[in-house]
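Asker: Here is my input, please return the structure:
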Amino acid sequence: MAPSHQGRMGRFIEASTSGERVKTYVPAPLPPTPQLDLTQILGAYDAARGAIGELDGVTTILPSTPLFLFMYVRKEALLSSQIEGTQSSLSDLLLFENHEVPHVPLDDVTEVSNYVVALEHGMTRMRSGFPLSLRLMREIHAVLLQSGRGTIKQPGEFRRSQNWIGGTRPGNALFVPPPPDQLAACLDNLEHFLHLESPAYPPLIKAGLAHVQFETIHPFLDGNGRLGRLLVTLLLCSSGVLKEPILYLSLYLKARRNDYYRLLQEVRTNGSWEAWMEFFLEGVAETAGQAANTARDLMALFNTDRLTITSYGRASASMLRVHELLQRRPIVTIQSASTELNLSIPTVTKSLELMGDAGITQELTGKQRNRQFAYSRYLDILDRGTEPLRA
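Answerer: Below is the predicted model of the structure:
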């Protein structure tokens, strides 16, 4: 450990929990002392800023930015929940939201759905002028754990007991966060840092620092990983770096989870903030680039399929309406599409079957009744990287 990093180090406090004495870790306050050596991460910072600017530019020319957000938020919800062990798929979530039966345990898809609602709650509150704060974190957490397995883990409440990461008990855990009596001071410092205005800590840097601090404090009994990843996006939106909540790191962290956990721990043990920030900023650049490419690919797909549909003559008018619905809801039933579009069942059936012949839609059930149709190539684009985690 470099002597100059000593001030960045937290402290260990011995505590009694579950009938054993353990060393809990209390992080040093933010911002780090000494402050970050920005020369080490300047290249990564510039690349991240450029990629976010490109993403903002692409989304402004989308035919429907809310549509892209609707689906991309669901992809992030899926990925973030997968990191925590959920085995849902994007199709499962869409079936669940359409009041159809998913193909995985209901608790799994409920957790993903809660994530979507929690993000929407946070954004709605901030757009109404409410600050990103401890109170808002608790509100978002309450939504995140409002149903499913998390309901017994004190939704919306900071923990009042000791938790730990890894292992079967605190005594053999990989990491033991601060004891409950230290939480208030740790969280007050984090909230103060979120509201700190300093040229030394622009929003992207602040988001990277705040994420580590939140995960180290681990203030809730459950949902810390998901809320900590959401915190990055919410902070960038509240500071104006992002116009819309369209940047999510879960795919990057999922793919490099070993590096992620190692670097978190090296901040705690060595004060290695620069190494973490370089990793974080590289993730921002990579993720923003992937989101921009996804937006371009979806625009190209919609345009190509629209041209295909217009070649069907008189049937194309109804087909185009169904196509527009599939952009908003990539899995539909004939009945739901008929109701929403105010088209007859035979008209919707013919449109979906013709689109199936053209390779645009795919029937999912193989049955004659209660058939479900998917905009398969649309889902294929969004499904990139959502394969379940391997042990």
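Asker: per-residue confidence averaged over stretch 239-256?
Answerer: On average, the pLDDT along stretch 239-256 is 87.
Asker: shift numbering so it begins at 776
Answerer: In the new numbering, first residue 776, that becomes stretch 1014-1031.
Asker: Please list the outside residues in contact with that stretch.
Answerer: Stretch 1014-1031 is contacted from outside by 827, 830-831, 834, 840, 843-844, 847-848, 850-851, 854-855, 857-858, 894, 898, 978-979, 981, 1004, 1007-1009, 1011-1012, 1035, 1054-1055, 1058-1059, 1061-1063, 1065-1066, 1160, 1164, using Cβ atoms under 8 Å, 6 or more residues apart in numbering. Yep, even glycine has a C-beta here, placed from its N, CA and C like the rest.
Asker: now, which of the residues you listed lie within helices?
Answerer: Applying DSSP state H to those, the entries found in helices are 827, 830-831, 834, 840, 843-844, 847-848, 850-851, 854-855, 857-858, 894, 898, 978-979, 981, 1004, 1007-1009, 1011-1012, 1035, 1054-1055, 1058-1059, 1061-1063, 1065-1066.
Asker: Enumerate every residue touching R1159.
Answerer: Contacts of R1159 by Cβ under 8 Å, 6+ apart are Q1065, T1069.
Asker: center of this protein - which residue?
Answerer: Of all residues in the chain, the one closest to the mean position by Cα atoms, centre = their mean is E851, 3.9 Å from it.
Asker: picking that back up, would you mind listing which of the contacts of stretch 1014-1031 are buried?
Answerer: The neighbour count (16 or more other Cβ atoms under 10 Å) marks 827, 830-831, 834, 840, 843-844, 847-848, 850-851, 854-855, 857-858, 894, 898, 978-979, 981, 1004, 1007-1009, 1011-1012, 1035, 1054-1055, 1058-1059, 1061-1063, 1065-1066 as buried among those.
Asker: Strands of the protein, residue ranges please.
Answerer: For the chain, the strands defined by DSSP state E occupy 786-792, 795-801, 1106-1108, 1137-1138, 1147-1149.
Asker: wait, which of those is closest to T1085?
Answerer: The closest of the strands of the chain to T1085 is strand 1147-1149. By Cβ to Cβ, the value is 19.8 Å.
Asker: buried ones in that closest one?
Answerer: Within strand 1147-1149, the residues scored as buried using 16+ other Cβ under 10 Å are Q1147, F1148, A1149.
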